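Engineer: turn this into a structure:
(chains A and B)
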Amino acid sequence: MVINAKNLDHKALNEKLRGLSGDITIEECCGQRFIAAGMSGCSITINGVPGNALGAYLNGADIIVNANAQDAVGDTMNEGRIIIHGNVGDATGYAMRGGKILVKGNAGYRAGIHMKEYKEKVPKMVIGGTAGSFLGEYQAGGIIVVLGLEPGGKNIVGSFPCTGMHGGKMFLRSDCKGVKFPSQVTARPATGEDMEEIRELLSEYCQIFGWDFEEVFNAAYTVVTPDSKNPYKQMYVHN
Amino acid sequence: MRLEGQVRIPSGCAIAAVISREGRKMSGELITNAMKPMHDRSNGLGGGFAGYGIYPEYKDFYALHMFFDSRESRKECEAFLKERFEIVKSENIPTRKTPAITDEPIIWRYFVTPLKSVLESMQLDEKEFVARTVMKINTGMKNSFVFSSGKNMGTFKAVGFPEDVSEFYRLEEYEGYCWTAHGRYPTNTPGWWGGAHPFTLLDWSIVHNGEISSYDANRRFIEMFGYKCTLKTDTEVITYIMDYLIRVKGLTLDEAANVVAAPFWSTIDSMEDEEEKKKQIFLRTLFPSLLVTGPFSIVLGFSGGLMALNDRLKLRSMVVGEKDDKVFIASEEAAIRTMEPNAENVWAPAGGEAVIVHVKDGCY
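Structural biologist: Below you'll find the predicted structure:
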């Protein structure tokens, strides 16, 4: 099933999508928002630039974007997978609660802001390039991996990473010298045990984007976790 | 009807800009199309455009674009202008009737040059005189409003969606080397014609997506220097801050960007370049009241160039792309792809990182 999105606004495009299953291709996409919101049971390939909140509340569908994506990819997604063969804008994986977001290139500001997890629902995000400032802001759960492949002279992460982080885990493929983390988190070199947690995820990532797994996996990673269950309890009031 | 400042409405907004570094002219249609994929960022309560290089036949004259409530207010204002300027041309700004744009005021433009005798008696340079006159009209004459006052540039704005505003003003008939555009989703205030973006003074124009939480602190400071914030909407104050810092105080664009989107003290503390550190401390100490806080992405247009800037926390999106001689800036990449499907080097500047583009000397 092929849908040409030219001259369709976000409402018309999403109405066409809803209820479809199987393989769907969207051609000439240009900025339509909320594509595939809440959808499950289909695989959607997008040619062109999708609009903000791509795959919001996604519930199991697969989305492949053959271009850059804009802001808030996978906003509050619950299940499924979003693959971006390009860069993503700000607030990728905003409040994500399950599923995977795999990005070939760089992420803007606030990737993984307020990601969360509950029991078996552990969202995962892999950014192949570099991440902007406030990576994992208020992160409450899930796994964020930044690989820094082809960083182009930029630091693997911008300023103020992990601000307000109080759950989940972050993996940065770097020794992170010169990266300033807040006092409420611990950044340390990854152990073999840590790495086993992301072996399968990175294997899938490398297969999709054509990277050599050994080269990506066998490198120095830094792991960041919050210090305790409630590291901020005395930040505002002494109680 | 209740005006700006009397009602509070929550927000959005879209901005876009295009400039040719070679000074090649583009019709207003290009920038209009850029606004279409971002339609939902506006709500129809304001749209506007600024074009640079659009009045080559009158390039040595200030182009005053004006709204009047009535014929009487136009006559009164014209009498006032004649005492201060030589008016070389005075005409209706051509518009096209469209059902999407209603309740238009009387829209007029004057190409003027200040009278030498008046300048001499007031001991003012030309730009200062024009700026003061604009302030005088906008604060003193109730039913007259100057919404554009630069040379070889002009602002076109209205209540409506940007693509409809463009159709209304027949922007496809203008050609400029640089265009900026705005789709409004008013923050805090209802839309009215004067409150649409861009906000201009002399050849500065600002389009802004965001909401400035430092508005009142900024306003109190800038009003000490003769500026009057008459529109009760936050963006206006950024235009005056830029005019003050760059034209009056002589700061560079980069320095002005460092004042309004100043680096955090913690960032300054960790700077290794001692000269840079000293400069940042100096600017923050000298102009603390001109720090603009809250979310913003802006494009500042001026003769021969533009500057795009995000707030230092980057609470609004902004994307930049290039192709040949052209540089594109927009709230969304989709807008850039509409202007140039094969745009290259598409990237998002960091918070507080100014993107400055100049047209080659002699090409505008």
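Engineer: residues touching residue B:235, list them.
Structural biologist: Going by Cβ atoms under 8 Å, 6 or more residues apart in numbering or on different chains, residue B:235 touches B:197, B:199, B:206, B:207, B:208, B:212, B:298. To be clear about C-beta, it is placed using only N, CA and C from the backbone, and glycine gets the same treatment.
Engineer: now with 10 Å, please.
Structural biologist: B:13, B:182, B:184, B:187, B:195-199, B:206-212, B:215, B:296, B:298 (Cβ atoms under 10 Å, 6 or more residues apart in numbering or on different chains).
Engineer: now swap in residue A:166 and tell me
Structural biologist: With Cβ under 10 Å, 6+ apart, residue A:166 has these contacts: A:138-141, A:184-185, A:225-232.
Engineer: 6 Å instead?
Structural biologist: A:140, A:226, A:231 (Cβ atoms under 6 Å, 6 or more residues apart in numbering or on different chains).
Engineer: let's see the pLDDT reported for it.
Structural biologist: pLDDT for residue A:166: 91.
Engineer: just to revisit the earlier point, most neighbours, which of the contacts of residue A:166?
Structural biologist: residue A:226 (23 neighbours; other Cβ atoms under 10 Å in any protein chain shown).
Engineer: can you pull the pLDDT of that one?
Structural biologist: pLDDT at residue A:226 comes out at 94.
Engineer: is it in contact with residue A:185, as I believe?
Structural biologist: Yes - the criterion here is Cβ atoms under 6 Å, and residue A:226 meets it with residue A:185 at 5.3 Å.
Engineer: of the contacts of residue B:235, buried ones?
Structural biologist: Burial by neighbour count, judged by 16 or more other Cβ atoms under 10 Å in any protein chain shown, picks out B:13, B:182, B:184, B:187, B:195-199, B:206-212, B:215, B:296, B:298 from the contacts of residue B:235.
Engineer: so which of those sit within strands?
Structural biologist: If you go by DSSP state E, those have B:182, B:199, B:206, B:207, B:208, B:209, B:210, B:296, B:298 in strands.
Engineer: got JSON lines for those, with distance to chain A too?
Structural biologist: Converted to JSON lines, those look like this (distance: Cβ to the nearest Cβ, whole Å):
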{"residue": "B:182", "distance to chain A": "17"}
{"residue": "B:199", "distance to chain A": "25"}
{"residue": "B:206", "distance to chain A": "22"}
{"residue": "B:207", "distance to chain A": "18"}
{"residue": "B:208", "distance to chain A": "18"}
{"residue": "B:209", "distance to chain A": "12"}
{"residue": "B:210", "distance to chain A": "13"}
{"residue": "B:296", "distance to chain A": "14"}
{"residue": "B:298", "distance to chain A": "17"}
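Engineer: can you map out the strands along the stretch 101-250 of chain B?
Structural biologist: B:106-114, B:144-148, B:153-158, B:175-176, B:178-183, B:199-201, B:204-210 (DSSP state E, counting those that start in this stretch).
Engineer: deepest of those, which one?
Structural biologist: strand B:178-183 (a mean of 32; mean count of other Cβ atoms under 10 Å in any protein chain shown).
Engineer: what are the contacting residues of that strand?
Structural biologist: With Cβ under 6 Å, 6+ apart, strand B:178-183 has contacts from B:14-19, B:31, B:35, B:41-42, B:47-52, B:162, B:197, B:207, B:299, B:301, B:306.
Engineer: now stretch B:27-47
Structural biologist: Residues contacting stretch B:27-47 (Cβ under 6 Å, 6+ apart): A:30-31, B:12-14, B:16, B:18, B:159-163, B:165-166, B:171-172, B:174-175, B:179, B:181, B:183-186, B:191, B:196, B:332, B:334-335, B:338-339.
Engineer: among the residues you listed, name the ones in helices.
Structural biologist: B:162, B:163, B:165, B:166, B:334, B:335, B:338, B:339 (DSSP state H).
Engineer: what does chain A put close to chain B?
Structural biologist: By Cβ under 6 Å from any Cβ of the partner chain, the residues of chain A that approach chain B are A:30, A:31, A:49, A:68, A:70, A:71, A:89, A:90, A:108, A:109.
Engineer: just the residues you listed: which are in strands?
Structural biologist: A:30, A:49.
Engineer: who wins on neighbours among the residues of chain A next to chain B?
Structural biologist: Going by other Cβ under 10 Å, residue A:49 tops the residues of chain A next to chain B with 29 neighbours.
Engineer: which strand residues bridge that one?
Structural biologist: residue A:30 (DSSP bridges).
Engineer: residues in contact with it?
Structural biologist: Residue A:49 touches A:67, A:68, B:333, B:334, B:337, counting by Cβ under 6 Å, 6+ apart.
Engineer: wait, isn't residue B:312 in contact with residue B:260?
Structural biologist: No - if you go by Cβ under 6 Å, residue B:312 and residue B:260 don't touch, sitting 9.3 Å apart.
Engineer: who's more crowded, these two?
Structural biologist: residue B:260 (26 against 23).
Engineer: show the backbone phi and psi for that one.
Structural biologist: phi -80, psi -30 (degrees, to the nearest 10).
Engineer: before we move on, what about residue B:345?
Structural biologist: In terms of degrees, to the nearest 10, the main-chain angles of residue B:345 are phi 50, psi 50.
Engineer: residue B:170 versus the residue of chain A found nearest chain B, what's the distance?
Structural biologist: The minimum distance from chain A to chain B, using Cβ to the nearest Cβ, falls at residue A:31 (2.6 Å). From residue A:31 across to residue B:170, the span is 26 Å (Cβ to Cβ, to the nearest Å).
Engineer: one more: residue B:156?
Structural biologist: For residue B:156, the distance to residue B:170 - Cβ to Cβ - is 9 Å.
Engineer: kindly report the same for residue B:13.
Structural biologist: Residue B:13 sits 24 Å away from residue B:170, taking Cβ to Cβ as the criterion.
Engineer: alpha carbons of stretch B:287-307, as CSV, please.
Structural biologist: Extracted C-alpha coordinates of stretch B:287-307, given in CSV (Å, rounded to 0.1, in the frame of the first residue of the first chain):
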residue,chain,number,x,y,z
PHE,B,287,23.6,44.6,30.4
PRO,B,288,22.1,42.3,32.9
SER,B,289,18.6,43.7,32.2
LEU,B,290,18.8,42.8,28.6
LEU,B,291,19.2,39.1,29.2
VAL,B,292,16.1,37.6,27.6
THR,B,293,14.8,34.5,29.4
GLY,B,294,12.1,32.1,28.5
PRO,B,295,11.8,30.2,25.2
PHE,B,296,12.6,32.0,22.0
SER,B,297,13.8,31.3,18.5
ILE,B,298,14.2,34.5,16.5
VAL,B,299,15.4,35.7,13.1
LEU,B,300,16.7,39.3,13.1
GLY,B,301,16.7,40.8,9.6
PHE,B,302,18.7,43.8,8.6
SER,B,303,20.1,45.4,5.4
GLY,B,304,22.4,42.9,3.9
GLY,B,305,22.0,40.0,6.3
LEU,B,306,20.2,38.2,9.0
MET,B,307,20.9,36.6,12.4
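Engineer: centre of the chain to that stretch, how far?
Structural biologist: Chain-centre distance of stretch B:287-307: 10 Å, with Cα atoms, centre = their mean, to the nearest Å.
Engineer: list the buried residues in that stretch.
Structural biologist: For stretch B:287-307, burial by neighbour count (16+ other Cβ under 10 Å) applies to B:287, B:290-307.
Engineer: check stretch B:348-355 too.
Structural biologist: For stretch B:348-355, by 16+ other Cβ under 10 Å, it's B:348, B:349, B:350, B:351, B:352, B:354, B:355.
Engineer: what's the closest non-adjacent residue to the fourth one?
Structural biologist: Nearest-residue entry for residue B:351: residue B:314, 3.3 Å, with adjacent residues in sequence omitted and distances by Cβ to Cβ, 6 or more residues apart in numbering or on different chains.
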